[in-house]
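Trainee: Sequence unavailable; structure follows:
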Ligand code: IMP
Ligand code: MG
């Protein structure tokens, strides 16, 4: 693997496609074991998680369902500023065992919003499965149940994650090169 350019920035290899696939299948093994007979509902957060969840879900062998949600951000008219709304939640999640699938937990605000919104629908349980987590950036008390990789506080692209919408197609993860 070598350096790549996405739009105007140079990125260097960070996590190989093989390393990702290995961890993804390991997480699936854990989930299969932890959630057997719970008929979990996987809720993948678009857009960033699309590649991760496609690979993860291939390895899920227990009875389960999958659905996709998105967080729409818009400027609220009130003084609270930006409001995030969960859209696409067209399943009745009451009493269900939910596994949220995310690409990355950075500050954690997105996940906090997701948890708050889902809790209003009274699921039986909520677990968090994330491809990446930046522990040094976390600003809210959130604990992910399944984390493929903890990474330093640096900007990454690939495997679903974008830089200005580009780079999602890369099969590996690349980190922004410091000059
Ligand atoms: P939060 O700060 O945990 O709320 O994360 C917000 C969103 O920022 C994530 O869902 C990603 O879409 C995006 N994000 C955070 N860090 C990165 C990164 O290193 N690369 C690409 N997207 C990122
Ligand atoms: Mg995301």
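Mentor: Alright, I've got the coordinates. Worth saying up front: this structure is predicted, and the values here are computed from it rather than measured. Ligands and ions are numbered 1, 2, ... in the order given.
Trainee: Can you list the low-confidence ranges for the chain?
Mentor: Along the chain, the model assigns pLDDT under 70 to residues 74-83.
Trainee: need the longest helix for it.
Mentor: When the chain is scanned for its longest helix (criterion: DSSP state H), the result is helix 17-34.
Trainee: hmm, the very next helix or strand once past that one touching ligand 1?
Mentor: Per DSSP states H and E, the first helix or strand lying C-terminal to helix 17-34 is strand 41-46. No. Using C-beta under 6 Å from any ligand atom, strand 41-46 never reaches ligand 1; the gap is at least 7.1 Å. C-beta coordinates here come from the backbone N, C-alpha and C atoms, glycine included.
Trainee: other SSEs contacting strand 41-46?
Mentor: helix 50-58, strand 65-75, strand 97-105, helix 109-119 (3 or more C-beta pairs under 8 Å, 6 or more residues apart in numbering; DSSP states H and E).
Trainee: How about the second one and ligand 1, any contact?
Mentor: Read that as strand 65-75. No. Strand 65-75 lies out of reach of ligand 1 by C-beta under 6 Å from any ligand atom, never closer than 7.9 Å.
Trainee: between that strand and strand 97-105, how many degrees?
Mentor: 50 degrees (axes from the mean of the first three to the mean of the last three C-alpha atoms, to 10 degrees).
Trainee: just the angle between strand 65-75 and strand 41-46, please?
Mentor: Going by the same axes, to 10 degrees, strand 65-75 makes 40 degrees with strand 41-46.
Trainee: What pairs with strand 65-75, parallel or antiparallel?
Mentor: Its sheet considered, strand 65-75 pairs with strand 41-46 (parallel), strand 82-87 (antiparallel) by DSSP bridges.
Trainee: Spatially central residue for the protein, please.
Mentor: By C-alpha atoms, centre = their mean, the chain has its centre lying nearest to residue 102, at 1.1 Å.
Trainee: and the nearest residue to it once chain neighbours are set aside, how far is that from ligand 1?
Mentor: Nearest residue to residue 102 in three dimensions, chain neighbours excluded: residue 130, at 4.5 Å (C-beta to C-beta, 6 or more residues apart in numbering). In this view, residue 130 and ligand 1 are 9 Å apart by C-beta to the nearest ligand atom, to the nearest Å.
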